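Just to be clear, the model below is a prediction. Sequence and coordinates:
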Amino acid sequence: MLTEIVTDEQLIDLYTTPGYLVAVDYPKKEVKLHTVDCMLADPISSVGVKPSKARENKTGEFWFSESRDEANSKAEEIAKKKGYTNTICPICNR
Ligand SMILES: [Zn+2]
């Protein structure tokens with residue numbers, strides 16, 4: 001099931017759940033697929049995504065799914081609709 005992540009806490013709670021995060025960055029016009037345990041998908045990390053702030057500032061959106069296919073479909077859908085680039089994170093790609 002696809003879940004929208006709107007707060008940092010929601011994402012932190014999912015850290016130990018195997019799954020995938022679709023991170024949409026509006027300013028960069030980029031959609032990126034991560035595993036949830038990626039440091040770039042970790043709000044606690046200084047380099048990680050910050051869903052609470054992104055929502056507040058309307059700079060991005062985030063989706064979680066335990067299914068890679070489902071997460072990937074969502075990433076493709078958003079990228080196509082918005083004309084963004086769709087990439088797979090080079091750090092956690094596996
Ligand atoms: Zn990653």
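Yes, it's here. Numbers count the residues shown, from 1 in each chain.

Can you name the residues of the protein sitting close to the ion?
34, 38, 40, 89, 91-92 (C-beta under 5 Å from the ion). C-beta coordinates here come from the backbone N, C-alpha and C atoms, glycine included.

got a winner among those residues for most neighbours?
H34 (25 neighbours; other C-beta atoms under 10 Å).

and that residue, that one's in a strand?
Yes: counting by DSSP: H, G, I helix; E, B strand; the rest coil, H34 is found in a strand.

pretty sure it is touching L40, no?
Yes: in this structure H34 lies within contact range of L40 using C-beta atoms under 8 Å: 6.0 Å.

Between the two, which contacts overlap?
Residues touching both H34 and L40 (C-beta atoms under 8 Å, 6 or more residues apart in numbering): 23, 89, 92.

Let me have the residues you listed in CSV, adding pLDDT and secondary structure as columns.
What follows is these, written out as CSV (pLDDT from 0 to 100; DSSP: H, G, I helix; E, B strand; the rest coil):
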residue, pLDDT, secondary structure
A23, 98, strand
C89, 97, coil
C92, 95, coil
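
Now do the biggest helix by length in the chain: distance to the chain's middle.
Scanning the chain for the helix with the most residues, using DSSP state H, yields helix 68-82. How far helix 68-82 lies from its chain's middle: 11 Å, per C-alpha atoms, centre = their mean, to the nearest Å.

what lines up beside the following helix or strand past it in the sheet?
Using DSSP states H and E, the helix or strand that directly follows helix 68-82 along the chain is strand 85-88. Its sheet considered, strand 85-88 pairs with strand 30-35 (parallel) by DSSP bridges.
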